[in-house]
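Asks: here's my sequence, what's the structure:
(one chain, ligands or ions: 1)
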Amino acid sequence: MCGIIGVENNENAAVLVSAGLLTLQHRGEESAGITVGGNDNMKTFRSMGLVSRIFNEDTLAKLQGSAAIGHVRYTTSAKSTLINAQPFQISCIHGNISVAHNGNITNFTKIKRILLKKGAIFSHTSDTEIFLHLLAMSKGSLLKIVSESMKKLEGAFSLVVLKDKTLIGARDAGGFRPLVLGKFENSYIVASESAAIEVMGGQYIREIEPGEIVVIEDGKIKRSFFYKKPKKRNTCIFEQVYFSRPDSIMFDKSVKEARIKMGECLAEQMKGIKADIVMPVPDTGYFAAQGFSRASNILFETGFVRNHYVGRSFIKPSQNLRDLTAKLKLRPIKEVVNAKEIILIDDSIVRGTTSRRIIGTLRAAGAKKIHFALSCPPIIGPCYYGIDTPMKEHLIAAQKSVEEMRRYLNVDSLTFLNLENLVNSCRAANSKGNVFCTACFTDKYPTKISKLTYKEGC
Ligand code: SF4
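Replies: Here you go, the predicted model:
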């Protein structure tokens with residue numbers, strides 16, 4: 001999973017992009033980068049780590065230009081190297097072009113083989129690199145080479161492309177990963193989430209539609225073009241459940257409102273349950289727990305303190321240290337939970353190990369009974385469209401029944417939001433039919449999944 005952003009027609013483009021990247025930091029903490037253009041010297045700076053550590057006054061002072069794109073990256077640790085940090089800037093027959101990508105190109109392996117036979121040389125392991133090769137080999141205008149290259153790709157890909165002062169925002173025909181358009185003063189902004197636009201004082205305008213390519217230059221939309229007419233929307237429902245910020249508009253619906261509705265629906269599913277308090281697992285369980293509390297009239301309490309300074313990079317070489325990390329990250333407030341019957345709300349269960357540890361800390365703090373409720377159905381399949389869920393054998397819900405999971409997690413009851421309630425919670429008022437990909441809950445994938453399907457996207 002990654003976050004992308006582009007800003008044009010602004011002398012402080014790199015500073016605005018770095019502010020946007022800070023807002024998108026939750027979408028990727030492993031590396032970040034910015035390319036600036038709009039002058040004669042397109043330049044890219046990428047590094048490993050958090051945006052606040054990489055982009056300071058000195059680095060930003062060197063990134064002068066009227067247009068910029070940026071990227072934050074999340075990967076599995078094995079692929080987490082500087083060489084795969086984005087944006088990727090290339091020099092080719094069309095001049096200097098830079099690209100940042102969010103998603104997972106599922107026919108990566110097939111296209112890479114074809115390109116290798118044609119003599120292409122690869123220096124990254126990221127799927128984004130094939131898009132650069134396709135761009136370089138295509139003929140015509142910038143819009144033409146982008147649309148021709150996108151036609152060859154399958155899977156999930158939202159892209160920002162920069163050439164000189166021209167910014168392009170583009171989205172795959174299924175619209176798996178988000179991309180929105182906004183305005184700030186005389187500049188257009190393209191970003192993974194609306195919060196990244198609003199944080200700089202800009203206004204959210206609309207989603208870039210599935211299959212749409214928007215070309216922006218000099219504060220104007222020069223072209224909006226569909227490289228492929230979408231047959232069906234496949235927007236990722238997990239964005240609303242877990243990934244996106246609650247202050248973002250995602251697929252025309254407020255993420256916060258969607259999560260509150262999930263909690264209300266869970267309360268309806270668990271009607272009649274008795275408990276002293278409802279409490280969230282921070283941070284993503286927060287609004288669903290609020291919705292549950294409102295619908296059930298059970299008191300909302302904050303029973304965990306989260307330590308925001310324990311990063312993903314904290315070294316965990318042994319089980320003891322892994323347990324210590326978990327305790328450092330999330331600590332129950334004994335005075336809140338001791339001797340209480342608790343409804344505990346979290347977004348999802350993936351492997352089950354984190355949930356088990358969290359519940360263990362609640363038991364140790366004296367919780368009398370724990371009813372564990374999740375704001376999505378059991379995850380039974382991996383994601384091939386850009387979210388880093390593990391393969392089936394590591395997904396607890398693919399291996400155990402609900403009763404087996406309840407025993408493993410050591411809770412008194414275990415409830416998952418059903419799919420119908422999830423879809424209804426996330427659907428925008430103006431959307432018709434089922435517009436979501438729900439494959440990790442149903443095992444029914446909206447695209448062909450072959451052995452050659454590439455799993456490690458961005
Ligand atoms: S498989 Fe799940 S996580 Fe992946 S795009 Fe579909 S809904 Fe989202």
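
Asks: domains for the protein, by residue range?
Replies: 2-231, 256-429 (automatic domain parsing).

Asks: quick check: beta-bridge partners of Gly169?
Replies: For Gly169, the beta-bridge partners under DSSP bridges are Val160, Val214.

Asks: so what's it up against?
Replies: Going by CB atoms under 8 Å, 6 or more residues apart in numbering, Gly169 touches Gly6, Ser158, Leu159, Val160, Leu179, Leu181, Val190, Ile208, Ile213, Val214, Ile216. Bear in mind the C-beta positions are built from the backbone N, C-alpha and C, glycine included.

Asks: farthest-apart pair in those residues, please.
Replies: Spanning the widest gap among the contacts of Gly169 are Ser158 and Ile216, at 15.2 Å by CB to CB.

Asks: now stretch 144-154: buried residues?
Replies: Within stretch 144-154, the residues that count as buried by 16 or more other CB atoms under 10 Å are Ile145, Val146, Ser147, Glu148, Ser149, Met150, Leu153, Glu154.

Asks: can you redo the residues you listed as a markdown table with pLDDT and secondary structure?
Replies: As requested, those are exported to a markdown table (pLDDT from 0 to 100; DSSP: H, G, I helix; E, B strand; the rest coil):
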| residue | pLDDT | secondary structure |
| --- | --- | --- |
| Ile145 | 97 | helix |
| Val146 | 97 | helix |
| Ser147 | 97 | helix |
| Glu148 | 97 | helix |
| Ser149 | 97 | helix |
| Met150 | 97 | helix |
| Leu153 | 95 | coil |
| Glu154 | 93 | coil |
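
Asks: relative to the ligand, which of those is nearest.
Replies: Glu154 (13.6 Å; CB to the nearest ligand atom).

Asks: what's the following helix or strand after the lowest-mean-pLDDT helix or strand in the chain?
Replies: Least confident element among the helices and strands of the chain, by mean pLDDT, DSSP states H and E: helix 319-329 (a mean of 72). Using DSSP states H and E, the helix or strand that follows helix 319-329 in sequence is strand 330-332.

Asks: which parts of the stretch 1-150 of the chain sit against the ligand?
Replies: By the rule CB under 6 Å from any ligand atom, no part of the stretch 1-150 of the chain lies against the ligand.

Asks: residue of the stretch 1-150 of the chain nearest the ligand, please.
Replies: Asn104 (8.6 Å).

Asks: quick check, that residue in a strand?
Replies: Yes: according to DSSP: H, G, I helix; E, B strand; the rest coil, Asn104 belongs to a strand.

Asks: and it, bridged to which residues?
Replies: Residues in beta-bridge contact with Asn104 (DSSP bridges): Ala156.

Asks: excluding chain neighbours, give the residue nearest to His101 in space.
Replies: Closest residue to His101 apart from its sequence neighbours, by CB to CB, 6 or more residues apart in numbering: Thr128 at 4.2 Å.

Asks: list the contacts for that neighbour?
Replies: Contacts of Thr128 (CB under 8 Å, 6+ apart): Gln86, Phe88, Val99, His101, Ile105, Cys458.
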